[in-house]
Structures are given as C-alpha cells and as structure tokens.
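S.K.: Fold the stuff below for me.
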Amino acid sequence: EHWLPALMVVASATAEETVRVHCTTTKGEIDIDVHPEWAPLGAAQYLELVKRGHYNNIGLCRVNGDIVQFGEDWADRRGPSVQLRHRNIQDDPKPPGQVSNNMMLKRGQMSYAGGGANTRSSSIFFTVKPNPYLGREPWEVPFAEVVPPGMAVVDSFYSGYGDFRIFKCANCNAPDISRYWLEGNSYLKREFPKLDYMVECHIVEEKNTSPDVTSTHTEQGMPTSPRKFENEVDDNGGIAHACFGIAGVLAASWIMSLIRTAR
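M.R.: Predicted coordinates for the structure are as follows:
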C-alpha cells in the first residue's frame, strides 16, 4: 500500500490553484502569488517551507541590484522545517512564458538559487532587474510573483552590502555564507546591522476558486489560471465537471479494489 500516498499526491497536484502568501518584512508588507502551474515542485516546496515557518526571521543576505536572495539556513537552527530545508528537489521544466521570453526571469518573479542541476532547497530570490543571464540555469524557474505594489518594498531593501564576497567585486561586501551557516542570525546582526529581514510569512489564500490573476499572468507572459478554463467549459454544458466526476468515481473504485486485494 506504499504507492497509495504517491498516487494521492499526483491526483491532488492537478487541482492546485494560485495561492496567496503574505510576508511582513522590516520595510513593509509583501503579497506573493504562488503559481503551481508554472513550477509544481518548486511551488510545493516553497509553500511547505512557509507553513513550517522557515522564512520567519530570515536575513536578506544578497541585495545586489539584480536580485534579493534569502532563505539560507544555519547549522544549529531548530524547527519543523529542518528536514525539508536540507532536502534538494528536482528542477521543474521551464514554463512556456519563460521559454517565450528567451528564458529570462521577469521583474517581480521569484525563483530558487542553486549550485547545479537539482540543487533547489530553501534559498530563493526576488527578481529586481531582469538580464539575459538570469533564468538560463536549470534551477532558475519562476514559481511565484510579487503582487503590486509589493515591488516598491523589495526595491527599498538595504543594498549597501551588495553581492557575496566570493565574487570579489567592488561592491561585494555581503555576508559570508559559510559563517552564516556556522553562526546564524547572530553573525548577521553583529556585523551587518543595516541588513533587512523577512520577519514572517504565512498562507492567506488557498481555495478552490483562484483570485483574478489574468492581468499579472498576461504581464508575465504565463498561461492563465486553469480554473478560468474550467469555468468556460462549464458554461457550455458542464462537460468538464461530468467527465472529472465519472473519472473520480472510477479511480476511487479502482483504488479500493487494490487495497482489498493487498489485504
């Protein structure tokens, strides 16, 4: 019966809709729309980390003008997200909107940071200034977008420390990630007093009917919500609901027969 949970996960994933996440930062409030249809694995990982409190009290360690990166972990941090944030997930395929945009991420979109194929875990970033190189790596796939006017808050994050020191540039004075891993927030607060923080994030909308995201989807060049398509089919006679209902009954019957056989 070990296959049953996996089957249920696949079935539920097909019905996922846009999910609204609200974040409080040291510079103001940000709403984020998470789009599972863009990057199912990345969206699911992010939402589970939000539920487990991983992005609470997290320093915005890399603010270099192109991106705002955060979500890195430290060794002795405890909490319900500890196993999940150390787990790498597979890369999602590039969604159509990214492909049609020459693989570039658009302003306001969120993606994972990584160090190679299939290395996404908990480190993510806001896209501030798109460029031809940002989005080409296999892990750089958009899974969410900042809801207007949230980018005004993102733009206000302190950027004086710039990029990571390993890049050895004129404005590469951001925290050393290896020291952050060893010392955690105490290192950031002691040596980077002007750094901004993600104070708290939580899910505020997770319901069957998606919010109206047509304008933002159009702006990002992404497909519109699957729920909108379902409603259009329903207006023509309820064919979609009838088909899905029959399929659901047959699937449930099949699953129960397998369970009885396994016993």
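
S.K.: where does this structure have low pLDDT?
M.R.: 1-16, 75-85, 205-263 (pLDDT under 70).

S.K.: Strands of that one, start to end?
M.R.: 19-25, 28-34, 58-59, 62-63, 67-70, 109-112, 124-127, 144-146, 197-205 (DSSP state E).

S.K.: what angle separates the last one from strand 28-34?
M.R.: If I follow you right, that is strand 197-205. If you take axes from the mean of the first three to the mean of the last three Cα atoms, to 10 degrees, strand 197-205 sits at 50 degrees to strand 28-34.

S.K.: rewinding a little: quick one, which of the strands of the chain is nearest to Trp181?
M.R.: strand 58-59 (12.5 Å; Cβ to Cβ). From N, CA and C alone the C-beta is placed, and that goes for glycine too.

S.K.: quick one: strands adjacent to the closest one?
M.R.: Applying DSSP bridges to the sheet, strand 58-59 is found paired with strand 197-205 (antiparallel).

S.K.: can you pull the contacts of the nearest residue to Ala113 once chain neighbours are set aside?
M.R.: Computed as Cβ to Cβ, 6 or more residues apart in numbering, the closest residue to Ala113 that is not its neighbour in sequence is Ser123, at 4.2 Å. Contact analysis of Ser123 by Cβ atoms under 8 Å, 6 or more residues apart in numbering lists 69-72, 112-114.

S.K.: try it again with 6 Å
M.R.: By Cβ atoms under 6 Å, 6 or more residues apart in numbering, the contact list for Ser123 reads 71-72, 113.

S.K.: Need the phi and psi values for it.
M.R.: phi -80, psi 120 (degrees, to the nearest 10).

S.K.: List the beta-bridge partners for Ile32.
M.R.: Going by DSSP bridges, Ile32 forms beta bridges with Val21, Val146.

S.K.: neighbours around it, how many?
M.R.: 23 (other Cβ atoms under 10 Å).

S.K.: Relative to Met151, how far out is it?
M.R.: 11 Å (Cβ to Cβ, to the nearest Å).

S.K.: My read is that Asp91 contacts Pro138, right?
M.R.: Yes - the pair Asp91 / Pro138 is scored as a contact, 4.6 Å apart, by Cβ atoms under 6 Å.

S.K.: which one of these two has more residues nearby?
M.R.: Between Asp91 and Pro138, Asp91 has the larger neighbour count (other Cβ under 10 Å), namely 21 against 16.
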